[in-house]
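Participant: Give me a 3D structure for the following:
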Amino acid sequence: MTWACKPFDELTPHELYAILRLRSEVFVVEQNCIFLDMDDKDQSCWHLMGWQGDLLAACSRLVPPGLSFPEASIGRVVSSPKVRGTGAGKELMLQSIQHLHTIWGKQSISIGAQTYLKKFYGSLGFEVAGEPYIEDNIEHIEMILHTSY
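Facilitator: As a prediction, this is how the structure comes out:
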């Protein structure tokens, strides 16, 4: 997989379309969740993309501190159904953590994880940091990755 990480203003129209299409394919269609994905946060974020040729296989958005949580965060974590079971999701998260630390310095990272993925994020060092809550009719839980300084 080839990785690219760009601030919103540097995304090409092709890249932005691919990101929004993949997020819609998984979050809206596959998860049957009607929600407004374009939440006016993308413009302040960096976008990590994992490409396999012309296929956007995985992507996430790296959110600056203070926009979603007091800490920097990783959101809109998604992998294409075409690469599921290949480790693409784990590689996406490892790349996301690395790029976030490069952009904003080594610091703790908060996420709002879908509860069914708690074990996956736990395997990467994230710890539960709150009670379950409902967002867009899906149960989520806040988790944090504490980083040693």
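Participant: rest of the way, CA atoms for contacts and neighbours
Facilitator: Noted.
Participant: Check the offset of stretch 47-66 from the chain's centre.
Facilitator: 7 Å (C-alpha atoms, centre = their mean, to the nearest Å).
Participant: Also stretch 92-111?
Facilitator: Using C-alpha atoms, centre = their mean, the mean C-alpha position of stretch 92-111 is found 11 Å from that of the whole chain.
Participant: burial count for residue 21?
Facilitator: By other C-alpha atoms under 10 Å, the residues close to residue 21 number 14.
Participant: so where's this structure uncertain?
Facilitator: Counting by pLDDT under 70, the chain has low-confidence residues at 148-149.
Participant: For it, just list every one of the helices.
Facilitator: Secondary structure of the chain (DSSP state H): helices at 13-23, 88-104, 118-122.
Participant: residues of the longest one that come out buried?
Facilitator: By neighbour count, and taking 16 or more other C-alpha atoms under 10 Å as the criterion, the buried residues in helix 88-104 are 88, 89, 90, 92, 93, 95, 96, 97, 99, 100, 101.
Participant: Name the nearest residue to the last one, ignoring sequence neighbours.
Facilitator: Nearest residue to residue 101 in three dimensions, chain neighbours excluded: residue 107, at 6.7 Å (C-alpha to C-alpha, 6 or more residues apart in numbering).
Participant: I figured the one you found hits residue 146, correct?
Facilitator: Yes - taking contacts as C-alpha atoms under 8 Å, residue 107 lies within contact range of residue 146: 7.3 Å.
Participant: who has more neighbours, these two?
Facilitator: Neighbours were counted for residue 107 and for residue 146 using other C-alpha under 10 Å; residue 107 has more, 17 against 14.
Participant: Over to that one: give its phi and psi.
Facilitator: Main-chain dihedrals, residue 107, degrees, to the nearest 10: phi -160, psi 170.
Participant: Residue 56 and residue 2: what is the separation?
Facilitator: Distance, residue 56 to residue 2, by C-alpha to C-alpha, to the nearest Å: 10 Å.
Participant: Now for those two: what residues contact both?
Facilitator: Residues touching both residue 56 and residue 2 (C-alpha atoms under 8 Å, 6 or more residues apart in numbering) are residue 50.
Participant: list the contacts for the residue most central in space within the chain?
Facilitator: By C-alpha atoms, centre = their mean, the chain has its centre lying nearest to residue 77, at 2.8 Å. Going by C-alpha under 8 Å, 6+ apart, residue 77 touches 58, 59, 60, 61, 92, 93.
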